[in-house]
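K.L.:
here are the coordinates; sequence isn't available:
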């Protein structure tokens, strides 16, 4: 929470100015009934036209003054809150960009996105509102009572008696409502969750003809949501009529008591009118209370969520003295590497050692869940090892600046992820200063050039978010082109050719030979693995066998099993 | 009923200040006290009724609004299920989601408050002006001088805020999209070391949003200020002009008090109206988007006289089937083939050849443009869609898991299966061993993205799901592509068992998995170019044998990298 307040610091001055202007408005508003009383008592009752005109003019002048203050307040409040929001967004985004993958696992993607968008907006709007009305409403209540006391102590006493219980009642109701609304939010999340699942899994639901089952599931959560919402809203909507009635009762008592006092001469008509007027203003301010409390409690929740992101420790950092040698050979060595994910204790990799010379092509094979992708992630240092060392060119990756290390890498993930923009911008994404020729070469080698040429705008064809209008295989090839355009020293292909047919894959692998880089390929296909210099066979987190395809054929039973499963017994002999 | 209450509360709201004025004029200024008690008792009753009417109107309106929203959600959800699959193929889930959540929320808030407020604002406004005219036409006219001021002021402001808000929303949308993309693309950003660039682009977009937001917020901030100044001005006018008129004796102090109350009451509804107008507009826009979906054409309902099938033999025939996804070029054309009950058919061909389309047609996700598909001799279009799909089981390329336990996910294949049957299916699919290794076994909760288990394991679960369904027709669309060959070897046996006695369609890139098929259809550019068993096709020495041999030959030469890879 404290972190959020520090973002207010740079805007102390405009905020203070905005608040002072707000106080001017408040003063004018509170003075109005008093001036009114003057007009009635000193003007009308004394039959003095002069007094009426003077005080009338003063009232108008005060109104204009308040207006000017209000307009200036708008500029200052918008300035402070927009900059405040901008600063928070900036720091949040930078913080998130510095997150390691371990950090990312703490927050789900969806929740990070909400924190960076909705929560920041919420805070920004709350600040804007605070500088304008949020503080003003309670001040108006207090000020109204104080002014009433100045006008007539006896009559004001009535409000001093009824207002505090009303405040207690309001706070109680809001607390109760907050609980109910929290409940509503949970039920709403549930409804939206079912809806989201149905939208993404529609094909499967239709395929299994499970529409009715899903509709019942939805019906139930939808009904719960309605019941919860009705309950919460009815509670909050009950407070306003009660509030109104109690305040109005106060006015009636004032009139009754006031009438008696006027008869004895203890009070003047104007004063009575002024107090009735203050009562009306206090009531209006009151009815805003529930709204203000709601806004603040939401802002509090938002601030907490944002603070959580700020307080998250980034565990992968460059240490002080780093060697940043630009040229890299791409020699890779794992020395007794063990690894488990930060949030669990189940070992994913156990004591793995191997060495790959620069320029070699290595295939990683192994059963589903054996730790191939985890091993991959250690090379670009998406995670740090739990024990052992990962060395690139003989240097521990933890001693190489992250940027230096990663700039030499080309990484193609299992699930091809593209960005909104054109085909070209997606390829150039790998290397900002790539020429058109570079882009074309990379696309040709990734076997996607011909497909691109057939697109309506060729390289300038726009892709939707995640490249909706391309097939899975096309997306994969495009993300390969993105890696190739950097001419990386180390190329990591995480089962990136699974959606390609054999012919295309074959051409792609042949084209890769033209690049002088160390290549790691995760693959299930023995035909792919056979084209490599070295195969690493991983089983349940351990390195089961290592060697050239021929060596494995001779020495590894598991490898022979895989071989036979894909080519039949005859061809193995 | 609600309308009656709105009218009552508006009228009672007007009566209150008027009675206060009466009390001041007739009793307090005059110094009379008998009769005052009756008047104040009456006033108490008026206030009580006013609060009661307000409460009742809200109470009922909340019920009405929420059940409307509830119906809207239900309708939308049911409608989604009756929409054809291509509706979802051409839209992003995120965009649909936002309609379901944000747009309905918008409508909801409007129904809750805005409609009542608008009606009561209008009633109060009319009532106030009428009573004011009756009390003192002259003072009314003077008070109303601020109305044109307000009108022009509001017009000037909203003319700007409308445009500015649109700009702000546009920038906000763009920024949010960018955030979403960079968060889900973290892996790429990190490994390509593009953090600086991404932060730079983000700041540009954020800066644009700040600029747009600054002006939008500033101008929007003028509105309440304008209202306050006009309020204060009219208060001052009433006080001053009323005072002068009171000196003439044409009005009383009580009337001045009534007017000060009323002038507040009529600027408030105007303020409300202008505020509610914006919410109302956005709600109407939201409702329109929701209705746009409801107006989408449903999946063509089953033909009249369509049969419900209970047990299919699984004989399938395609006769001259042609289909395109609404584009000019046909995705598949002139497809002819016949599958005997219990046969296994493999579909082979390059990416994009139309293999998945054939499956989509068979399961009636799409209807052919031309030609017919026969199932057990019946035209497919004459079989009820749901009864057809209940006879089929699918293992699709991207296995989709629901939020829930592993057990529930498998049971999705047959809802009435008991725990033993679920575990049996998992064992047959070779999923049992990895499930048992999970901390909670079958009761392990899978979250939204099904993370925590690997791609291949997800595939095993969907195979278990298909096994549990016990279908007449089995469809495996690249079902084993993300499973390693060792595991595949293990489940191959289970799959063989599963395919026995059922008509099965297999799409696979790895040719070794389909050698046992009774029939192999080689598809290229939407046409069947070769057809036959593995042996027959090898003898034909066509596309298939070339593909197959390239694999084998590739093995023989594998240590000599060749430029063409064959």
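P.N.:
Good, I have the coordinates. What you are looking at is a predicted structure, and each value in this text was computed from that prediction instead of being measured.

K.L.:
any idea which element residue A:504 lies in?
P.N.:
For residue A:504, the host element (DSSP states H and E) is helix A:502-512.

K.L.:
That helix near chain B anywhere?
P.N.:
Yes. Using CB under 8 Å from any CB of the partner chain, we find that helix A:502-512 touches chain B at A:502, A:503, A:504, A:506, A:507, A:509, A:510. Yep, even glycine has a C-beta here, placed from its N, CA and C like the rest.

K.L.:
neighbours around the last one, how many?
P.N.:
As a burial measure, the neighbour count of residue A:510 was computed by other CB atoms under 10 Å in any protein chain shown and equals 18.

K.L.:
repeat for the first one
P.N.:
Residues within reach of residue A:502, counting by other CB under 10 Å, total 22.

K.L.:
got it, and the third one?
P.N.:
A count of nearby residues for residue A:504, using other CB under 10 Å, gives 21.

K.L.:
ok, it to residue B:347 distance?
P.N.:
17 Å (CB to CB, to the nearest Å).

K.L.:
and stretch A:198-218, which residues are buried?
P.N.:
A:198-211, A:214-215, A:217-218 (16 or more other CB atoms under 10 Å in any protein chain shown).

K.L.:
can you tell me which helix or strand the most centrally placed residue in chain B belongs to?
P.N.:
Closest to where the C-alpha atoms of chain B average out (CA atoms, centre = their mean) is residue B:97, at 2.5 Å. Element membership for residue B:97 (DSSP H and E) is helix B:93-98.

K.L.:
Which helix or strand lies directly C-terminal to that helix?
P.N.:
helix B:104-109.

K.L.:
Need the contact partners of that following helix.
P.N.:
B:65-66, B:69, B:72-73, B:76, B:279, B:282-283, B:285-287, B:290 (CB atoms under 8 Å, 6 or more residues apart in numbering or on different chains).

K.L.:
change it to 6 Å
P.N.:
Defining contact as CB atoms under 6 Å, 6 or more residues apart in numbering or on different chains, one finds that helix B:104-109 is touched by B:69, B:282, B:283, B:286, B:287.

K.L.:
Pick out the most distant pair among these.
P.N.:
B:69 and B:282 (15.5 Å; CB to CB).

K.L.:
ok, those two, which is more surrounded?
P.N.:
Remark: of residue B:69 and residue B:282, residue B:69 carries more neighbours, 21 against 17, as counted by other CB under 10 Å.

K.L.:
ok, that one - contacts?
P.N.:
residue B:108.

K.L.:
On the three-state scheme, it is what?
P.N.:
Per DSSP: H, G, I helix; E, B strand; the rest coil, the local secondary structure of residue B:69 is helix.

K.L.:
what's the answer for residue A:46, then?
P.N.:
Relying on three-state DSSP, one would call residue A:46 coil.

K.L.:
Please list all residues in contact with it.
P.N.:
Residues near residue A:46 by CB under 6 Å, 6+ apart: none.

K.L.:
and residue 351, what pLDDT?
P.N.:
Let's take chain A. For residue A:351, the pLDDT comes out at 85.

K.L.:
Oops, wrong one, chain B.
P.N.:
At residue B:351, the pLDDT recorded in the model is 69.

K.L.:
now residue B:327
P.N.:
63.

K.L.:
One more: residue A:294?
P.N.:
Looking at residue A:294, the pLDDT reads 71.

K.L.:
And residue A:75, by the same measure?
P.N.:
For residue A:75, the predicted pLDDT is 90.

K.L.:
residue contacts, the residue nearest to it when sequence neighbours are not counted?
P.N.:
In this structure, residue A:75 finds its nearest non-sequential neighbour in residue B:218, 5.5 Å apart by CB to CB, 6 or more residues apart in numbering or on different chains. The contact partners of residue B:218, by CB under 6 Å, 6+ apart, come to A:74, A:75, A:78.

K.L.:
can you rerun that using 10 Å?
P.N.:
Remark: with contacts taken as CB atoms under 10 Å, 6 or more residues apart in numbering or on different chains, residue B:218 is in contact with A:71, A:73-79, A:82, A:128, B:160-161, B:164.

K.L.:
Nearest to chain A among the contacts of helix B:104-109?
P.N.:
Checking the contacts of helix B:104-109 against chain A with CB to the nearest CB, the nearest one is residue B:69 at 7.2 Å.

K.L.:
from the residues of helix A:502-512 next to chain B, which two are the most distant?
P.N.:
A:502 and A:510 (12.6 Å).

K.L.:
Put the buried members of the contacts of residue B:218 into a PyMOL selection.
P.N.:
Restricted to buried positions by 16+ other CB under 10 Å, the PyMOL selection for the contacts of residue B:218 reads:
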select buried, (chain A and resi 71+73+74+75+76+77+78+79+82+128) or (chain B and resi 160+161+164)
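
K.L.:
just curious, which of the contacts of residue B:218 is nearest to residue A:160?
P.N.:
So of the contacts of residue B:218, ranked by how close each gets to residue A:160 (CB to CB), first place is residue A:73, at 30.2 Å.

K.L.:
per-residue confidence for the residue nearest to that closest one when sequence neighbours are not counted?
P.N.:
Leaving aside its sequence neighbours, residue A:73 sits nearest to residue A:21 (CB to CB, 6+ apart; 4.2 Å). With respect to pLDDT, residue A:21 scores 89.

K.L.:
Check which helix or strand residue A:21 maps to.
P.N.:
Going by DSSP H and E, residue A:21 is in helix A:12-38.

K.L.:
Check residue B:530 too.
P.N.:
strand B:527-532.

K.L.:
tell me what that strand is packed against?
P.N.:
Judged by 3 or more CB pairs under 10 Å, 6 or more residues apart in numbering or on different chains; DSSP states H and E, the packing partners of strand B:527-532 are strand B:332-339, strand B:344-348, strand B:519-524, helix B:534-540, helix B:543-556.

K.L.:
Next, count neighbours for the residue nearest to residue A:73.
P.N.:
23.

K.L.:
Could you list the low-pLDDT ranges of chain A?
P.N.:
A:1-2, A:105, A:108-110, A:315-327, A:343-345, A:368-369, A:464-472, A:498-499, A:501, A:565-573 (pLDDT under 70).

K.L.:
Going along the chain, name the strands of it.
P.N.:
A:332-339, A:349-356, A:361-366, A:387-392, A:395-396, A:409-412, A:421-422, A:462-463, A:490-494, A:518-522, A:534-539, A:542-547 (DSSP state E).

K.L.:
wait, residue B:516 sits on residue B:346?
P.N.:
Yes. With contacts counted by CB atoms under 10 Å, residue B:516 reaches residue B:346, the gap being 8.8 Å.

K.L.:
So between these two, which is more surrounded?
P.N.:
Higher neighbour count among residue B:516 and residue B:346: residue B:346, with 24 against 15, using other CB under 10 Å.

K.L.:
per-residue confidence for residue B:94?
P.N.:
Residue B:94 is assigned 63 on the pLDDT scale.

K.L.:
quick one, the strand holding residue B:530 and strand B:519-524 angle?
P.N.:
Angle of strand B:527-532 versus strand B:519-524, following axes from the mean of the first three to the mean of the last three CA atoms, to 10 degrees, is 150 degrees.

K.L.:
count of residues packed around residue 348?
P.N.:
Went with chain A since none was named. 20.

K.L.:
could you do chain B instead?
P.N.:
Residue B:348: 25 neighbours (other CB under 10 Å).

K.L.:
Return the distance of the nearest residue to it once chain neighbours are set aside relative to residue B:532.
P.N.:
Computed as CB to CB, 6+ apart, the closest residue to residue B:348 that is not its neighbour in sequence is residue B:522, at 5.1 Å. For residue B:522, the distance to residue B:532 equals 9 Å [CB to CB].

K.L.:
again, but for residue A:27
P.N.:
Separation of residue A:27 from residue B:532 (CB to CB): 95 Å.

K.L.:
Likewise for residue B:293?
P.N.:
Taking CB to CB, one finds residue B:293 at 47 Å from residue B:532.

K.L.:
cool, and residue A:299?
P.N.:
Counting by CB to CB - residue A:299 and residue B:532 are separated by 70 Å.

K.L.:
Looking at these two, which has the bigger crowd around it?
P.N.:
Between residue A:299 and residue B:532, counting by other CB under 10 Å, residue A:299 is the more crowded of the two (21 against 17).
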